[in-house]
Structures are given as structure tokens and as C-alpha cells.
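Participant: predicted structure and sequence below. I'll ask about it afterward.
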Amino acid sequence: MSKILKMAIIGCGDIMNGCHLPGYIKMDNVEIIAFCDIIKEKAEKSAKEYAKEKGLDTVPAVYEDYKEVIALPGLDAIDICTPNYLHSIIAVAALDAGLNVFCEKPDAVSVSEAEKMKAAAERNNKVLMVMRNNRYRATSAFLKQRIEEGKLGEIYAGRCGWQRRRGGPPHGSWFSRKAESGGGPLIDLGVHMIDLAMWLMGNPKPVSVSGCTYNKFGNDGSGWGPLPEGMESVHDVEDLAMAFVRFENGACLQVEVSWASNVIEDDIFIELRGTKEGAMQNNNTNGKMMLYGHNENGEEFSIEAPAVENEVPQHEANIRHFADVLLNGVEPMFVPEQGLNMVKILEAIYKSAETGDEILL
Ligand SMILES: NC(=O)c1ccc[n+]([C@@H]2O[C@H](COP(=O)([O-])OP(=O)(O)OC[C@H]3O[C@@H](n4cnc5c(N)ncnc54)[C@H](O)[C@@H]3O)[C@@H](O)[C@H]2O)c1
């Protein structure tokens, strides 16, 4: 592989322009040779901004059809930033075309699609990596290291969640249509926090899942404001999900996520219970990662994860890691098996909510 990774972007919407593009503009070991979006103007705008910020004489090529992009000569990898249902379709096509793939979360909208992605990466011997940006928060890295040093002891239970009081997508968004998104806040926000918790816990194998989901606000206008005139509401995903996951090693994880819920305030939280120390990051800790325990004399202690100056933005850090894996042989911190386990959990929560049963994986 060349020393400069040649990449193309598929999907030039909010996350690409807000978090991926600023990273690529700063990176010297990646060259974006093409931008693709079904809305051509969006691809053109991103390509122009990239060329301007990089000081390039030529604006990268622009496409509407991803199939033309994955056939480009000299391309090493693509970055998929499209609506969720397209992740697996585009990833499999690109892997089969001999490309490496970086893809936004969630990995896929169903277990069968996630299996296809994993199989395509294996049969083509290519790297498939899905965005896990929360692992790249400085506080996550601090806690991960402390866990690996054995300071927390055995981690046997966790809680995680992302509660929004009113924070769903606007009316009419693909995020609210199950056929395109695969689900609501569980697949949108839950995927971040479940992954963070499981990664910190050492990626234990999930064995059973129980969950409930609710859709109370999306269609009556009280959660998202009045429907614009003439617009038909299509909100066939949950706005709240609660779940409980058991792992093979006996540990458990409690999950709570919402786009709309009558709670005191928005909160993004993770809590781990270890035999030597517990960890907590939420509104009560002012967003700081705190560790709690008792010393040999039985006295309480607490430790605050140190602040890091000039922290690399988490999405950029994840993309830099993808480039490092391909260019420098760095060991990947994400493997497709983790993605498959993630989608198994998400799908089982939806199934459990539908049937009322605990789902064995
Ligand atoms: N990691 C994170 O923090 C984070 C945050 C937000 C969104 N995301 C994920 O990023 C993805 C995109 O989300 P977004 O908020 O940017 O959505 P968005 O709707 O703003 O952008 C999606 C873009 O894909 C384009 N598109 C649709 N079909 C296409 C196709 N066939 N070929 C090429 N382009 C196509 C759309 O025109 C649009 O510009 C989603 O999977 C979402 O879950 C991740």
C-alpha cells in the first residue's frame, strides 16, 4: 500500500462535514480523491471545502453513485457516512471490490447484515472498522488503562445510557423511519454507550438480553413540536429503550436511552462496578470521569481522571487509528466480531420488547 492512503467519502451530510472532514483536512497521510452523495451539490460543497482547506489546485472528483466510486483505480479505502440501512450494502460492495472500509455507526441494521459485512471482510482479507469514537475520549482512555492495570479489580456490573428529554431528529428525518435507520435512540445513541461499556469491560460475550421500547412522543407532536403543514409524520421507531444484558463471564449491563422522555435533564452516563474501584461519569460528576473505592484502612477515596489539554477530537482520533492500521500495521482496536456482537444485542433488545421474552444469544 502507498504511504498516503487514498480514500473516498460516501455520504456528505452532517457527521461527515462536522466531524470527519475537519479530521481529514488535518491529516497528512490520507488523501481524499472522491466525494459521493446522492445529492450532488452536497458532495461538491464538501469537495470544494476540502480542496480549499488543504490548499489544493484541483478539487477532488464528485459522484452521485457509490458504485462508480468503488471502481475507481488507485483507491485504498472508503468512509461510509450514509443513513444506517446503506452501511452494510455499501460496505460489502466495497470489500468485494478489494477496498478497506471505515463506516459510521451503527454497524448494520440487522444481525444478518452485520454477518454479511464480517464475511465480506474475511473473504477479501480487508480491514472493516466501524466508528467507535467514544473510546477515544481522553477519560475513556484513562479508565481503560486503569482497568488494564488491574486497579478496578473484577468488573462485574455496569450501567450506561444517553437520556435526552427532548432531543430527537426533526420531523421527516430518515432517523425516525425504521426502514432506513433500523431503530430510534437505541441504535442511534445506545450503540455508543453500550460499546463504551463493553470495551471497558473487556468485550465480554453477551449471552442474553431483555428490553422494553416505547414510542410515546414521535407521532403526537408533543416531543418534536407541531408537524409542518402538509407533512405526514412517519415516526415508527422507539423514543425510549430500557434494557438489561447478561454476559458469559457473569457480568451485566443496564442500558437506558431516549430521544424524548420526561426526565429531569439530558444525561450521558457510564458507570462500572469493580471489586476494587468503581467508575462513574455523568451529570453528577460534572461530566468528569471519577473513580471511587476504599483503601486498606477502610477509608473512602475518589480519583478524578486528569484533564488533557488539546485533546484530539474523538472522531478524528478514530479515523487516524484506521489510517494507522492500514499504513503502519497498528493492531486494530475494533474487529468485526465486536460489531456483530453489538448488533446481536441491539436486535435482541428490539425482539425482547416485541415478544416480552428474554432473548438468548
Ligand atoms: N459517530 C457519531 O457521533 C455520529 C453522529 C451522527 C451521525 N452518525 C452516523 O452517521 C451516519 C450519517 O448521519 P448524518 O447525521 O450525517 O445524516 P445526514 O442525513 O446528515 O447525512 C447522510 C448523507 O448521506 C447521503 N446519502 C443518502 N443515500 C446515499 C447514497 N446511496 N449514496 C451516497 N450518499 C447517500 C444523504 O444525501 C446525506 O447527505 C448515520 O449512520 C449516523 O448514525 C454518527
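Facilitator: Looks like it came in fine. Keep in mind that this is a model prediction, so the values were computed, not measured. Residues are numbered from 1 along each chain as shown.

Participant: contacts and neighbour counts: CA atoms only from here.
Facilitator: Noted.

Participant: for the chain, which spans come out with low pLDDT?
Facilitator: Scanning the chain for pLDDT under 70 picks out the ranges 1-2, 219-223.

Participant: what's the longest helix in it?
Facilitator: Longest helix in the chain by number of residues, with DSSP state H as the criterion: helix 336-355.

Participant: burial measure for the one residue in the stretch 251-361 of the chain that gets nearest to the ligand, as a count.
Facilitator: Proximity of the stretch 251-361 of the chain to the ligand (C-alpha to the nearest ligand atom) peaks at H315, 6.8 Å away. Residues lying near H315 (other C-alpha atoms under 10 Å) number 25.

Participant: same check on S110?
Facilitator: A count of nearby residues for S110, using other C-alpha under 10 Å, gives 18.

Participant: didn't it look like it was pressed against E347?
Facilitator: Yes: the pair S110 / E347 is scored as a contact, 6.4 Å apart, by C-alpha atoms under 8 Å.

Participant: enumerate the residues of this structure near the ligand.
Facilitator: Residues of the chain lying close to the ligand by C-alpha under 6 Å from any ligand atom are 10-16, 36-39, 66, 81-84, 104-106, 131, 188.

Participant: give me the buried subset of the residues you listed.
Facilitator: Burial by neighbour count, judged by 16 or more other C-alpha atoms under 10 Å, picks out 10-13, 16, 36-37, 66, 81-84, 104-106, 131, 188 from these.

Participant: in helices, which of the residues you listed fall?
Facilitator: Applying DSSP H to those, the entries found in helices are Y66.

Participant: how much space between L186 and the ligand?
Facilitator: Distance of L186 to the ligand, computed by C-alpha to the nearest ligand atom, to the nearest Å: 11 Å.

Participant: dihedrals phi and psi, that residue?
Facilitator: When read as degrees, to the nearest 10, the backbone of L186 gives phi -60, psi -50.

Participant: now stretch 306-315, how far from the chain's geometric center?
Facilitator: In terms of C-alpha atoms, centre = their mean, to the nearest Å, the centre of stretch 306-315 is set 18 Å apart from its chain centre.

Participant: er, stretch 21-38 I mean
Facilitator: Relative to the mean C-alpha coordinate of its chain, stretch 21-38 is positioned 19 Å out (C-alpha atoms, centre = their mean).

Participant: before we move on, the earlier item: can you tell me which of the buried ones among the residues of the chain next to the ligand end up in strands?
Facilitator: Among these, DSSP state E puts I10, C36 in strands.

Participant: what secondary structure does the residue of the chain most remote from its centre sit in?
Facilitator: Outermost residue of the chain with respect to the C-alpha centroid, by C-alpha atoms, centre = their mean, is N297; its distance is 41.6 Å. What DSSP: H, G, I helix; E, B strand; the rest coil gives for N297 is coil.

Participant: which ones are touching it?
Facilitator: By C-alpha atoms under 8 Å, 6 or more residues apart in numbering, the contact set of N297 is empty.

Participant: quick check: phi and psi on it?
Facilitator: As for N297, its main-chain torsions (degrees, to the nearest 10) stand at phi -90, psi 10.

Participant: figure out the length between the terminal residues of stretch 259-270.
Facilitator: 18 Å (C-alpha to C-alpha, to the nearest Å).

Participant: try stretch 62-81
Facilitator: Distance across stretch 62-81, first residue to last, is 15 Å (C-alpha to C-alpha).

Participant: show me the contact partners of that stretch.
Facilitator: If you take C-alpha under 8 Å, 6+ apart as the criterion, stretch 62-81 is touched by 1, 5-13, 15-16, 33-40, 43-44, 47, 87, 90-91, 93-94, 97, 99-104.

Participant: so which bits of the longest helix of the chain are buried?
Facilitator: By neighbour count on 16+ other C-alpha under 10 Å, the buried set for helix 336-355 is 336, 338-353.

Participant: next: stretch 208-226.
Facilitator: Going by neighbour count (16+ other C-alpha under 10 Å), the buried part of stretch 208-226 is 208-213, 215-219, 223-224.

Participant: go on, stretch 226-234?
Facilitator: For stretch 226-234, burial by neighbour count (16+ other C-alpha under 10 Å) applies to L227, S233.

Participant: next one: the closest residue to K40 other than its chain neighbours from K52, what distance?
Facilitator: Distances taken as C-alpha to C-alpha, 6 or more residues apart in numbering place E64 nearest to K40, at 5.7 Å, with adjacent residues excluded. Note on E64: its distance to K52, by C-alpha to C-alpha, is 21 Å.

Participant: ok, the two, which is more surrounded?
Facilitator: Neighbours per residue, other C-alpha under 10 Å: of E64 and K52, the larger number sits with E64, 18 against 14.

Participant: okay, now R146: neighbour count?
Facilitator: Counted by other C-alpha under 10 Å, the residues lying close to R146 total 16.

Participant: contact partners for the residue nearest the centre of the chain?
Facilitator: For the chain, the residue nearest the mean C-alpha position is K105 (3.8 Å; C-alpha atoms, centre = their mean). Counting by C-alpha under 8 Å, 6+ apart, K105 touches N84, V130, M131, R132, D188, V191.
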